[in-house]
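Visitor: quick one, structure for this:
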Amino acid sequence: MHDRFARCARRRRRPGGDARGDRGARRRRGRRVAFKAASDAEPFRCRGGINAALGNSGPDSPESHAFDTVKGSDYLGDQDAIEIFADEAPADIYELEAWGCIFSRDEDGRIAQRPFGAAASPRAIYSADITGHVLLHVCYE
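Guide: Residues are numbered from 1 along each chain as shown. Okay, here's the model as predicted:
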């Protein structure tokens, strides 16, 4: 994951227009890699949550997550990149949690997941209705 972010950053592009891409670009900034800064309002777009196949609300897998994403892009998305993002998403969620993101929890104390969009299983991870706001504060601290 880190090398892919570095390649995008060296080309002076951000790897993604969401909070995850912004987090990766900011991580590289510490190594004096130039990148185009994101606007402050951009992470507020992820109010519905972040998709990752944790399997806390039912059977799920990164392969199913990647398939849903490719299908949702009408098969026009970069399938190799989608597969990498789907495989790395669970680890990134736990990393954000370790950084201080407070995600909503289910009755068992695990990270709660809800259905969102056209996903085959519940995989949207959220922080009440302010997911983008929580991510913004953690990424900027």
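Visitor: pull the residues that contact the lengthiest helix in the chain.
Guide: Among the segments of the chain that qualify as a helix by DSSP state H, the longest is helix 79-99. With C-beta atoms under 8 Å, 6 or more residues apart in numbering as the test, helix 79-99 has contacts from 1, 4, 20, 23, 50-54, 62-63, 65-66, 69-70, 73, 103, 111, 125, 135, 138. For every residue, glycine as well, the C-beta is placed using N, CA and C.
Visitor: pull out the buried residues from that helix.
Guide: Applying a neighbour-count criterion of 16 or more other C-beta atoms under 10 Å, the buried positions in helix 79-99 are 82-83, 85-90, 92-93, 96.
Visitor: what's the most distant pair in those?
Guide: 83 and 96 (20.6 Å; C-beta to C-beta).
Visitor: show me the shaky parts of this structure.
Guide: Scanning the chain for pLDDT under 70 picks out the ranges 1-47.
Visitor: domain assignment for it?
Guide: 1-38, 46-140 (automatic domain parsing).
Visitor: rewinding a little: among the buried residues of helix 79-99, which one lies nearest to residue 120?
Guide: Distance from residue 120 was checked for each of the buried residues of helix 79-99 by C-beta to C-beta. The minimum falls on residue 86, at 12.5 Å.
Visitor: and the closest one, how far is that from residue 52?
Guide: Distance of residue 86 to residue 52, computed by C-beta to C-beta, to the nearest Å: 8 Å.
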